[in-house]
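Engineer: sequence and predicted model, in that order:
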Amino acid sequence: MRTIIPMSSGPTPPREVRNARLAVNAMFFTNGAIVANLVPRYPEIKAALGLSNAVYGFAIAAMPVGAIVAGLGAGWFIRRYGSARVATYGTMLASLFILGAGLSPALALFALALFTVGAADAIIDVAQNAHGLRVQRRYGKSIINSFHAFWSMGAVAGGLMAAAAIALDLPLGIHLAISAALFTVVAFLAQRHALPGRDGDEQAIASPGDVAEETRRGVNWRIVAVLAALSLICIGGSVVEDLGTSWASLYLQTLGAPAALAAFGFVALVGAQFVGRILGDWFVNRWGERTVARTGGLLIAVGMGLALAFPTIPGTVAGFAAAGLGCATLVPAAMHAADNIRGLKAGTGLTIVSWLLRVGFLVSPPIVGTIADNVSLRMGLLIVPAAGLAVALLASVLEGRKSN
């Protein structure tokens with residue numbers, strides 16, 4: 001039986017731990033920024049390659065395919081090299097793969113580059129969350145949302161960099177090369193202040209062998225049901241985020257927004273998500289993950305539902321902002337809950353949920369692209385409010401408010 005450290009206030013952590021928190025902030029920031037530099041330039045890549053909406057949807061689905069293929073291998077890398085080093089070197093590789101995606105002259109090369117980006121990103125994601133959970137255990141209270149807030153901050157910074165590059169007619173290759181160099185340096189500087197040593201007893205992930213061992217021990221249907229609900233919450237949050245990432249700029253262009261302005265649909269989503277994550281730990285510590293997630297799901301459903309029902313450029317930007325605010329704490333809450341499921345070996349729940357959330361990234365772009373080609377992109381984006389409603393219904397599996 002695992003011992004769960006209560007999330008409560010306590011003495012100020014030592015400087016080493018506080019520096020490690022800053023290092024994890026920087027890891028999440030770089031991870032958000034490098035991908036976000038590519039996203040607003042998707043429309044010009046789509047146009048340059050002459051892709052239909054459906055083909056574009058299947059092409060960008062190569063990224064989550066890569067993530068699903070590589071995700072369960074993160075445990076091996078982290079045990080061998082340590083979570084901080086894996087996050088750092090993964091960032092360097094992901095930056096180069098993103099540059100390759102931007103410079104791809106053909107559909108096959110574009111999809112292959114996104115596949116490698118997804119594979120690297122899946123390993124980075126687990127590594128930085130593993131290190132973040134190590135730091136959170138040292139703090140003894142919820143700080144995981146603040147780490148994800150820095151991902152959103154990085155995504156805003158990357159989105160704004162891309163919008164500026166578009167406005168300045170900066171060639172895609174030069175823009176992405178600058179991004180890769182800048183954020184690789186940030187990642188290496190962050191590694192110097194991470195917690196020392198390998199993850200050891202504080203490991204936050206499991207290997208495929210660990211997951212298989214848990215399965216051989218016998219099926220506990222309560223645990224399966226909880227894992228399924230947490231995975232669906234994670235997928236709901238990821239679908240909202242991913243559809244804003246992949247389609248916001250394209251949808252705003254269908255409403256008449258110029259390219260530089262269309263980038264602000266994505267920026268609004270991740271900007272509001274950043275605000276929600278900065279405030280998220282305070283909300284969670286005060287009201288509990290269950291109430292915060294349920295409220296977030298309803299905000300997604302209402303905000304994006306109204307934006308799609310009454311399509312305007314300002315209303316759509318506001319709708320994506322509401323979706324970003326609503327989904328801010330969903331993935332961190334589900335990961336935290338999965339990591340604390342009683343009856344599972346350390347890291348098994350987190351590994352399973354982290355891997356399954358990639359399913360949302362895999363299935364949503366082709367579905368939206370197919371609906372867009374056969375009906376309209378507006379109808380395809382109805383998946384966003386539907387995901388919000390699903391999260392609101394499933395939120396009861398999360399932890400409620402703690403009594404003082």
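Structural biologist: Nice, I can see it.

Engineer: any weak-confidence spans in the chain?
Structural biologist: 1-11, 197-219, 345-347, 401-404 (pLDDT under 70).

Engineer: Glu399 is in contact with Gly288, correct?
Structural biologist: Yes - counting by C-beta atoms under 8 Å, Glu399 is a contact partner of Gly288 at 5.8 Å. Bear in mind the C-beta positions are built from the backbone N, C-alpha and C, glycine included.

Engineer: if you count surrounding residues, which of the two has more?
Structural biologist: Taking other C-beta atoms under 10 Å, Gly288 and Glu399 do not tie; Gly288 has more neighbours (18 against 15).

Engineer: so which strand or helix has Ala272?
Structural biologist: helix 259-287 (DSSP states H and E).

Engineer: let me fix that: Val17
Structural biologist: Per DSSP H and E: helix 15-36 holds Val17.

Engineer: next SSE downstream of that helix?
Structural biologist: Counting by DSSP H and E, the next helix or strand C-terminal to helix 15-36 is helix 42-49.

Engineer: hmm, who's touching the helix or strand that that next one is followed by?
Structural biologist: Of the helices and strands lying after helix 42-49 in sequence (DSSP H and E), the nearest is helix 53-60. Under the criterion C-beta atoms under 8 Å, 6 or more residues apart in numbering, residues 42, 46, 51, 107, 110-111, 114, 246, 250, 365-370, 372-373, 377 lie in contact with helix 53-60.

Engineer: buried subset of those residues, written for PyMOL?
Structural biologist: To isolate the buried members of the contacts of helix 53-60 in PyMOL, using 16 or more other C-beta atoms under 10 Å:
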select buried, resi 42+46+51+110+111+114+246+250+365+366+367+368+369+370+372+373+377
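
Engineer: the contacts of helix 53-60 in helices, which ones?
Structural biologist: Using DSSP state H, the subset of the contacts of helix 53-60 located in helices is 42, 46, 107, 110-111, 114, 246, 250, 365-370, 372-373, 377.

Engineer: the helices in the stretch 301-404 of the chain, which residues?
Structural biologist: 313-326, 330-339, 348-356, 358-374, 377-380, 383-394 (DSSP state H, counting those that start in this stretch).

Engineer: what's the closest of the ones you listed to Trp282?
Structural biologist: Set against Trp282 and scored by C-beta to C-beta, those come closest in helix 330-339, at 13.4 Å.

Engineer: ok, and what's touching that closest one?
Structural biologist: Applying C-beta under 8 Å, 6+ apart, the external contacts of helix 330-339 come out as 129, 133, 142, 144-145, 147-148, 204, 226-227, 230-231, 233-234, 236-238, 240-241, 277, 280, 284, 289, 292-293, 296-297, 347, 349-350, 352-354, 357, 391, 397-399.

Engineer: make it 6 Å
Structural biologist: Helix 330-339 has contacts (C-beta atoms under 6 Å, 6 or more residues apart in numbering) with 144-145, 148, 230, 233-234, 237, 289, 293, 349-350, 353, 398.

Engineer: just checking, Asn399 touches Glu289?
Structural biologist: Residue 399: Glu, not Asn. Yes - counting by C-beta atoms under 6 Å, Glu289 is a contact partner of Glu399 at 4.9 Å.

Engineer: single out the most deeply packed of the helices of the stretch 301-404 of the chain.
Structural biologist: Among the helices of the stretch 301-404 of the chain, the stretch with the highest mean neighbour count (mean count of other C-beta atoms under 10 Å) is helix 330-339, at a mean of 27.

Engineer: could I have that one exported to CSV, CA atoms only?
Structural biologist: The C-alpha trace of helix 330-339 is given here as CSV (Å, rounded to 0.1, in the frame of the first residue of the first chain):
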residue,chain,number,x,y,z
LEU,A,330,-8.4,18.8,-16.2
VAL,A,331,-5.3,17.0,-17.3
PRO,A,332,-3.3,17.8,-14.1
ALA,A,333,-6.2,16.7,-11.9
ALA,A,334,-6.6,13.4,-13.7
MET,A,335,-2.9,12.7,-13.6
HIS,A,336,-2.7,13.5,-9.9
ALA,A,337,-5.7,11.3,-9.2
ALA,A,338,-4.3,8.5,-11.3
ASP,A,339,-1.0,8.6,-9.5
